[in-house]
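In: I'll drop the sequence and a predicted model, then ask my questions.
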Amino acid sequence: MKNNKPALAGLTALGLSLALALTACGGNSASTAASTGSVDLSAAQEVLAEAQATVTEFDFPTDTVDVPKDKFVVGIPCAYAAEGCKRGVDAVAEAAKELGWRYQMIDPAGDPDKMRAAVRTAIQLKADGIFLGATPPAVVKDDVAAARAAGIKVVNMYEPAPEDFADANSLQDHPLAGRWNAAYLAVATQGGAKVITINDPEFVSVVEWNQGFVDGLKELCSTCEITKEINFQIANLQTQVPTEFQAVLQANPTANAVWAAYDPVALAITPVIKRSPQDGKISIVSHNGDAAALDAIKAGDQPFKGSVGYSIEWQSYAAVDQMIRLFAGNLPEELKLVNVPEKLLTQESITTVPWDGDLDWKSEYKKLWKTEN
């Protein structure tokens, strides 16, 4: 399967500028310890430069495709109230309208039973295609199998899945994103990171982010350590996480960094940090690149310092391209998995809110889709 990787520009120069720019990150000076000889952070700095570099190229499909008419597609988000899930299916709806397809959204509101019911409803409605947005594959695997057996094409977006789960997958490189988080904290703490991790293992994507972070920290910073691990489930985000994190923070007064599963976690714990003695001494890194998260990072006075973002809309258009080719009967093997670009978004590297991917990906896809006037 194809693993699309963006080409990145200016890594060496950016690496030097980042080493200087990070000196202003919260209370954690990142004047490179590599230059003083205390800790060798050269590898971390190189990874950090890669993480924040501008995306300049992407391996788009090269063959145009005739868009089949009169198709009916259903979008099923994890929960429409969640920003990322909403943006994902809204982009599918936008593309479907441009293609002249009928579209319907079925919102399970984060409830696993309703996720399964949404897929069954799409079968009953005789949909031609289903777009799954951040739906845990283990929750809906039997219903998705029934949909595919009924001749419905299924494209899975955002959440890693077994190879035989869907007809196509539009994702991003989760372990790499976690490694980028590790590089940031290694440099920001001059190789002295004492990290609290807050993990949501119900999502495979988060598990992969976490593993990439853990492995990356070991590889890039031998003097960094994870001092405490917290696990939770998204249903308990607002009730459990702030309270438990406050207790953990009090028990670990030397902690100077937090790895958070995704942006809403980072935003939920920010008030806890702001009213603690560690305010100004802790840096948070996360994932998603949500608008509220990027606003907090841009402000510069918050503990939230970086989020690995990707263009959710780009990912949706890549999924629509896959669906068109599935309908047309010519989705090549190398396009059954598409990884869209991602970027570590910090105060220095944020260009748009939300991040637009640095490229005009929408025009590139629309040029490939041939519709009758």
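Out: Structure's in. What do you need? Numbering: from 1, shown residues only.
In: In contact with F203, which residues are there?
Out: A134, P136, E159, I234, A261 (CB atoms under 8 Å, 6 or more residues apart in numbering). The C-beta positions use only the backbone N, C-alpha and C, and glycine is treated the same way.
In: neighbours around the fourth one, how many?
Out: In other words, I234. Here the count is done by other CB atoms under 10 Å, and I234 has 19 residues near it.
In: Near the nearest residue to it once chain neighbours are set aside, how many other residues are there?
Out: Using CB to CB, 6 or more residues apart in numbering and skipping residues adjacent in sequence, the residue nearest I234 is D200, 5.9 Å away. Other residues near D200 come to 23 when the count uses other CB under 10 Å.
In: Quick check: phi and psi on D200?
Out: With angles defined as degrees, to the nearest 10, D200 sits at phi -120, psi 90.
In: And the one 10 residues further on, by the same measure?
Out: Backbone geometry at N210, expressed as degrees, to the nearest 10, gives phi -60, psi -40.
In: start the count at 890, not 1, going forward
Out: With the count now opening at 890, the last piece we talked about shows up as N1099.
In: pLDDT score for the closest residue in space to it that isn't next to it in sequence?
Out: Once flanking residues are discounted, N1099 sits nearest to N1088: 4.9 Å by CB to CB, 6+ apart. pLDDT, N1088: 97.
In: didn't N1088 look like it was pressed against S1094?
Out: No. Using CB atoms under 8 Å, N1088 makes no contact with S1094, being 11.6 Å away.
In: For the stretch 1140-1262 of the chain, just list every one of the strands.
Out: Along the stretch 1140-1262 of the chain, counting by DSSP state E, counting those that start in this stretch, strands occupy 1146-1149, 1172-1177, 1193-1199, 1226-1228, 1231-1235, 1258-1259.
In: Can you redo the ones you listed as CSV, where the extra columns are distance to A1155, mean neighbour count and mean pLDDT?
Out: CSV is the format used below for the strands of the stretch 1140-1262 of the chain (distance: least, CB to CB, whole Å; neighbours: other CB atoms under 10 Å; pLDDT from 0 to 100):
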stretch, distance to A1155, mean neighbour count, mean pLDDT
strand 1146-1149, 4, 30, 98
strand 1172-1177, 4, 29, 96
strand 1193-1199, 5, 28, 97
strand 1226-1228, 24, 23, 97
strand 1231-1235, 12, 26, 98
strand 1258-1259, 37, 14, 96
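In: among the ones you listed, which is nearest D1247?
Out: Smallest distance to D1247 across the strands of the stretch 1140-1262 of the chain (CB to CB): 7.3 Å, for strand 1231-1235.
In: picking that back up, how about the strands of the stretch 1140-1262 of the chain, which one is nearest A1066?
Out: That would be, of those and by CB to CB, strand 1193-1199, which comes in at 4.0 Å.
In: What strands line up against that closest one, and which way round?
Out: Strand 1193-1199 has the following sheet partners, assigned by DSSP bridges: strand 1172-1177 (parallel), strand 1231-1235 (antiparallel).
In: Can you lay out the strands of the stretch 1140-1262 of the chain as a markdown table showing distance to G973?
Out: Shown next, in a markdown table, are the strands of the stretch 1140-1262 of the chain (distance: least, CB to CB, whole Å):
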| stretch | distance to G973 |
| --- | --- |
| strand 1146-1149 | 14 |
| strand 1172-1177 | 6 |
| strand 1193-1199 | 10 |
| strand 1226-1228 | 17 |
| strand 1231-1235 | 13 |
| strand 1258-1259 | 25 |
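In: which residue is nearest the middle of this protein?
Out: The residue lying closest to the centre of the chain (CA atoms, centre = their mean) is N1177, at 4.1 Å.
In: and V936, which of the strands of the stretch 1140-1262 of the chain is closest to it?
Out: Smallest distance to V936 across the strands of the stretch 1140-1262 of the chain (CB to CB): 9.5 Å, for strand 1231-1235.
In: which residues touch that closest one?
Out: With CB under 8 Å, 6+ apart, strand 1231-1235 has contacts from 937, 940-942, 944, 1061-1062, 1065-1066, 1069-1070, 1073, 1178, 1183, 1186, 1194-1199, 1238, 1244, 1247.
In: Who is N1088 paired with across the strands?
Out: N1120.
In: ok, it - how many residues close by?
Out: 21.
In: ok, it - contacts?
Out: V1095, V1096, N1099, E1118, I1119, N1120, F1121, A1150.
In: Quick one, which of these are buried?
Out: V1095, V1096, N1099, I1119, F1121, A1150 (16 or more other CB atoms under 10 Å).
In: closest to Y1254 among these?
Out: Using CB to CB, the buried ones among the contacts of N1088 come closest to Y1254 at V1095, 28.0 Å.
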